[in-house]
Every structure is written in structure tokens, then in C-alpha cells.
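Novice: Sequence unavailable; structure follows:
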């Protein structure tokens with residue numbers, strides 16, 4: 001039993017180490033990009049109030065050529081054109097809703113950085129939570145199965161005496 005518990009503990013440590021390493025690598029990949037993109041938007045209009053509206057609305061629109069960036073964050077030629085279009089329409093007195101509707105009509109819902117909840121986007125909004133629930137269900141099932149398997153194991157007198165000997169020995173004496 002002690003040998004099985006020790007092997008199980010080793011596997012659990014190994015799994016935790018792998019998960020922790022993966023999480024650190026993932027954070028290391030995305031953190032620098034997020035810090036750099038926060039410094040890229042620069043105001044160009046003479047009217048600071050209008051420019052603030054342009055930046056706010058540009059943060060709601062996805063860059064169509066960049067991966068996972070708003071048009072406010074992107075320096076792509078199309079993103080600059082779209083920001084200029086937003087600026088032009090705002091200076092003409094159009095509302096945010098009218099501008100967003102214009103962009104959706106022209107480029108589709110993909111242009112919205114935060115698409116509305118609809119039957120087309122339900123997987124996008126609910127998918128991560130569904131995957132998390134599935135992963136948690138699988139984890140709980142694996143833990144229960146492992147616990148059941150360890151509880152049903154039978155040990156002979158040799159295993160028990162070896163375990164007793166290991167438990168009674170000093171930490172440096174184990175081999």
C-alpha cells in the first residue's frame with residue numbers, strides 16, 4: 001500500500017509540475033504582447049474629446065488582418081483606415097451604434113471585438129466554461145477512480161511490515 005501511495009504521490013507531483021510549467025510558459029508568451037500593445041495607440045486628431053471617442057470605439061472593433069487585436073492596438077494599414085473611418089463618422093455626428101452597425105454591415109459580426117450573445121456566438125461565449133466543466137468532471141472522475149483502486153488493493157504481510165518499517169525509520173534511513 002505504501003508503495004502504491006508513494007507511486008501515486010509521485011505521479012500527482014509530476015502532473016502538478018507539468019501543469020504549473022505549462023501555465024508559466026503560457027503567461028510568459030502572452031504577457032509581453034499585452035504590455036506592448038497598451039502603448040501603441042496614439043491620438044492624431046486636433047480635438048482631444050473626439051480622439052478619446054475614436055479610441056473608445058476603436059477598442060470595440062477587431063483588426064481584420066491582425067490576430068486578436070483591436071483597431072486601436074493595431075498599426076496595420078486596414079486598422080488605420082478603419083480608425084480614420086470611425087473618426088470621420090464621429091466628426092459627422094454619427095452615434096457609436098450607427099458606426100458599429102455600419103462596420104458590421106460592411107465586414108460582418110467578426111469585426112466586433114466583443115460580439116453579442118446570439119445563437120451564432122453561443123459556442124464562443126459558453127465554450128470555455130463548458131470545457132472547464134468537462135475538465136473538472138474528468139478530474140473528479142479520475143480522482144474517484146484512483147481512490148477506489150487504492151482502497152480495493154489488498155496487501156500481504158510483507159508489504160505491511162515493509163510499510164511499518166519505513167514509517168518507523170528516520171527520514172535519512174530510508175532506501
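Specialist: Looks like it arrived, so ask away. Note that the structure is a prediction, hence the values are computed from the model and not measured.

Novice: following the host helix or strand of residue 145, which helix or strand comes up?
Specialist: Counting by DSSP states H and E, the element that carries residue 145 is helix 122-152. Remark: after helix 122-152, the chain's next helix or strand is helix 157-168, criterion DSSP H and E.

Novice: Can you list the buried residues in that next one?
Specialist: Residues of helix 157-168 classed as buried: residue 163 (neighbour count, 16 or more other C-beta atoms under 10 Å). The way it works is simple: take the backbone N, C-alpha and C, and place the C-beta from them, glycine included.

Novice: Report all helices and strands that it contacts.
Specialist: helix 2-37 (3 or more C-beta pairs under 8 Å, 6 or more residues apart in numbering; DSSP states H and E).

Novice: In terms of secondary structure, what does the helix or strand just after the helix it packs on contact?
Specialist: Next helix or strand after helix 2-37 toward the C-terminus (DSSP H and E): helix 48-58. Helix 48-58 sits against helix 77-91, helix 96-107, with contacts defined as 3+ C-beta pairs under 8 Å, 6+ apart.

Novice: what mean pLDDT does helix 48-58 have?
Specialist: Averaged across helix 48-58, the pLDDT comes to 92.

Novice: Likewise for stretch 150-169?
Specialist: Regarding stretch 150-169, the rounded mean pLDDT is 88.

Novice: Phi, psi for residue 62 please.
Specialist: The phi/psi pair for residue 62 (degrees, to the nearest 10) reads phi -80, psi 140.

Novice: residues in contact with it?
Specialist: 69-71, 110-113 (C-beta atoms under 8 Å, 6 or more residues apart in numbering).
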